[in-house]
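>>> quick one: sequence plus predicted model below, questions after.
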There are 2 protein chains.
Amino acid sequence: MNDRPQSRPGRRGRPGYDLESVLRVAVKLFNERGYDGTSMEDLARKLGITKSAIYHHVPSKDELLRLAVNRALDGLFELAAKLETVEGRAVDRLEFLVRGSVAVLVDRLPFVTLLLRVRGNTKVERAALARRREFDRIVADLVAEAEKEGDIRPDVDPAVTARLVFGMVNSLIEWYRPGRGDTDLADAVAKIAFDGIRVHDHGR
Amino acid sequence: MNDRPQSRPGRRGRPGYDLESVLRVAVKLFNERGYDGTSMEDLARKLGITKSAIYHHVPSKDELLRLAVNRALDGLFELAAKLETVEGRAVDRLEFLVRGSVAVLVDRLPFVTLLLRVRGNTKVERAALARRREFDRIVADLVAEAEKEGDIRPDVDPAVTARLVFGMVNSLIEWYRPGRGDTDLADAVAKIAFDGIRVHDHGR
C-alpha cells in the first residue's frame, strides 16, 4: 500500500527512472487495478513524475502492455526453443517444458500474471493471445507425441491433459510470492503433474 | 457479441425479467468487462429496461455481486457439508471434494468465474475472499489428514498440494465451455490429480 493519495501533489522530475523501472511500476499497477482501470495519469502519480516524462520513455500505455506481455511470452518461447536440446523421449521434453515454465513464471511473475489476465480487447491483447495459443499448441503437440510413445495416459484427451497441467502451472500466479525456493516449486508441480498426489504401493 | 451499441436507444419496459435473469445478465457483463468496468447503466442498456426497473429487483450493483459470488460459494459449501457422508479414508473424501468441485464449477460456471476474479476491493469482495479461504482450509486439512494416513505423497507440503490440485480445478474456467460431458471432465481432473499423467508400468 504505497500509493500516494490523490490529494498530495506528485513530486515532479524525480530522477532515476528508465524504461525498465517505468515498465515494472506500470505492470504492478495494471495487476492491481486492471489495465483498463489504470491511466497514464495514475502511473505518473505513482512514479512521482509528469506524464510527459513517461512519454519520453514510451509512446503509449498500449506499448507498455505490449512490452510487458512480451517479456512473459519471450521467456516461454526461449524455453520452447531449447526443447530440441533435450535428449530422450517426448515425455522428457514435456517435463522440461513444465519445469521451465514454472521457472519463467517465478522469474517473471508480474509479467506472466498480466499476460494470463489478458482478454483480447485490443490489438496488443489479441497479438498476445495469438502467441499464447502458439505456445499452447507446442505443449499440446508434445503431450500428443508422448501419448503416442506410450508414456502419457491415453484415457484423457491430450488437449485436455495439456490444459490441465498448464492450468496447474498457471495457477501459481494466484498464490506464489517470491522468496520461496523455486526448485522446490518446480519439483512439486512436476511430481504432482506426472505422478499424481496419491501414494502408490510400489515405492515410486 | 450481442451488445447493443450505445447509439441505439434501449428498449424500455421489456417485460419478463425477474431477479434471476437480471443476475445472470449482470454476471455475464461483470465477467466480460470486469465488475468495476460495468455500471448499472450498462446493465440497464443490456437488459433493455430502465435503471429503476433494475432497482425494483435489487438495491445495488454490490448486492448483485454478493448474490453472484454466494451462488458459487454456496455450491462449494453444500458440497463440503456432504463430506461426512463419504465412507472410507480422507483420500476418498478428498477425491469426492475434487470431483464435486468440478461439478459445481461446470454447473455454476459464470458465478465461479466471477468469484475467482474477485480481488478484495470492497466489503462484499472481502467477505467472498474470507469464505473462499474457509473452503481452502477444508481442502488443506483434508490433504494433511490424507497425508497422515499415508495415502497422499509426503514429499510435497500439504498446503502446496492442496493449492496445486485446486489450481488445476479452477483453471477450468479459462477454457471449459458448457456442452462437454461433465463426468468426463471430473474424471480427467481426478485421474491426473491423483495418479498423474505418466503411464506407470504396473497397469494402473
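Ah, there it is.
>>> what about the helices in chain A?
Secondary structure of chain A by DSSP state H: the helices cover A:19-33, A:40-47, A:51-57, A:61-81, A:90-107, A:109-117, A:123-148, A:158-170, A:182-195.
>>> mean neighbour count, distance to chain B and mean pLDDT added to those, as TSV?
Where C-beta positions appear, they are placed from N, C-alpha and C, glycine not excepted. Putting those into TSV (neighbours: other C-beta atoms under 10 Å in any protein chain shown; distance: least, C-beta to the nearest C-beta, whole Å; pLDDT from 0 to 100) gives the following:
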stretch	mean neighbour count	distance to chain B	mean pLDDT
helix A:19-33	18	8	95
helix A:40-47	18	14	96
helix A:51-57	15	22	93
helix A:61-81	19	16	98
helix A:90-107	21	7	97
helix A:109-117	21	8	96
helix A:123-148	17	8	97
helix A:158-170	23	2	96
helix A:182-195	19	4	91
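>>> can you put the ones you listed in TSV and add distance to residue B:63?
Formatted as TSV, these follow (distance: least, C-beta to C-beta, whole Å):
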stretch	distance to residue B:63
helix A:19-33	23
helix A:40-47	28
helix A:51-57	37
helix A:61-81	33
helix A:90-107	37
helix A:109-117	26
helix A:123-148	31
helix A:158-170	32
helix A:182-195	39
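>>> any idea which of those gets closest to residue B:76?
Proximity to residue B:76 (C-beta to C-beta) singles out helix A:158-170 among these, at 18.1 Å.
>>> by contact count, what packs against that closest one?
Contacts defined by 3 or more C-beta pairs under 8 Å, 6 or more residues apart in numbering or on different chains; DSSP states H and E place helix A:158-170 against helix A:90-107, helix A:123-148, helix A:182-195, helix B:158-170, helix B:182-195.
>>> ok, what's across the strand from residue A:152?
Residues in a beta bridge with residue A:152, per DSSP bridges, are residue B:198.
>>> residues contacting it?
With C-beta atoms under 8 Å, 6 or more residues apart in numbering or on different chains as the criterion, the residues that contact residue A:152 are A:91, A:94, A:143, A:146, A:158, A:161, B:197, B:198, B:199.
>>> now do residue A:156
By C-beta under 8 Å, 6+ apart, the contact list for residue A:156 reads A:164, B:187, B:188, B:191, B:192, B:197.
>>> just the residues you listed now: which is nearest residue A:108?
Taking C-beta to C-beta as the measure, residue A:164 is the one of those closest to residue A:108, at 22.7 Å.
>>> can you pull the contacts of the spatially most central residue of chain A?
To find the centre residue of chain A, average its C-alpha atoms and take the closest one (C-alpha atoms, centre = their mean): that gives residue A:112, at 1.9 Å. Listed by C-beta under 8 Å, 6+ apart, the contact partners of residue A:112 are A:72, A:75, A:104, A:105, A:170, A:173.
>>> you'd agree the fourth one is up against residue A:176?
What that stands for is residue A:105. Yes: with contacts counted by C-beta atoms under 8 Å, residue A:105 reaches residue A:176, the gap being 7.5 Å.
>>> so for residue B:59, which of the helices and strands packed on helix A:158-170 sits nearest?
Closest to residue B:59 of the helices and strands packed on helix A:158-170 is helix B:158-170 (C-beta to C-beta; 30.3 Å).
>>> wait, what's in contact with residue A:23?
The contact partners of residue A:23, by C-beta under 8 Å, 6+ apart, come to A:58, A:64, A:67, A:68, A:71.
>>> and what of residue A:36?
A:121, B:34, B:37.
>>> from those residues, pick the one nearest residue A:42.
residue B:37 (15.0 Å).
>>> quick check: the closest residue to residue A:151 other than its chain neighbours vs residue B:27, distance?
Across the structure, with C-beta to C-beta, 6 or more residues apart in numbering or on different chains as the measure, the residue nearest residue A:151 apart from its sequence neighbours is residue A:91 (3.8 Å). Taken as C-beta to C-beta, to the nearest Å, the spacing of residue A:91 relative to residue B:27 amounts to 40 Å.
>>> go on, residue A:125?
In this structure, residue A:125 and residue B:27 are separated by 22 Å, where distance is defined by C-beta to C-beta.
>>> quick check: residue A:29 touching residue A:35?
No: counting by C-beta under 8 Å, no contact exists between residue A:29 and residue A:35, whose distance comes to 9.0 Å.
>>> quick check: residue A:164 touching residue B:170?
No: judged on C-beta under 8 Å, residue A:164 makes no contact with residue B:170 at a distance of 11.1 Å.
>>> mind giving me the domain ranges of chain A?
Residue ranges for the structural domains of chain A, counted by automatic domain parsing, are given in the record as A:19-59, A:64-195.
>>> about what we covered before: okay if I get the helices and strands packed on helix A:158-170 as CSV plus distance to residue A:116?
Shown next, in CSV, are those (distance: least, C-beta to C-beta, whole Å):
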stretch, distance to residue A:116
helix A:90-107, 9
helix A:123-148, 8
helix A:182-195, 16
helix B:158-170, 12
helix B:182-195, 20
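>>> out of those, flag the one nearest residue B:139.
Shortest separation from residue B:139 across those is recorded for helix B:158-170, at 4.7 Å, computed as C-beta to C-beta.
>>> CA atoms of that closest one as CSV?
Output for helix B:158-170, consisting of C-alpha atoms alone and laid out as CSV, is shown next (Å, rounded to 0.1, in the frame of the first residue of the first chain):
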residue,chain,number,x,y,z
PRO,B,158,0.2,-30.4,2.0
ALA,B,159,-0.7,-26.7,1.6
VAL,B,160,1.1,-26.7,-1.7
THR,B,161,-0.5,-29.9,-2.8
ALA,B,162,-4.0,-28.5,-2.0
ARG,B,163,-3.3,-25.3,-3.9
LEU,B,164,-1.9,-27.1,-7.0
VAL,B,165,-4.8,-29.5,-7.2
PHE,B,166,-7.4,-26.8,-6.8
GLY,B,167,-5.4,-24.6,-9.1
MET,B,168,-5.9,-27.3,-11.7
VAL,B,169,-9.7,-27.5,-10.9
ASN,B,170,-10.1,-23.7,-11.0
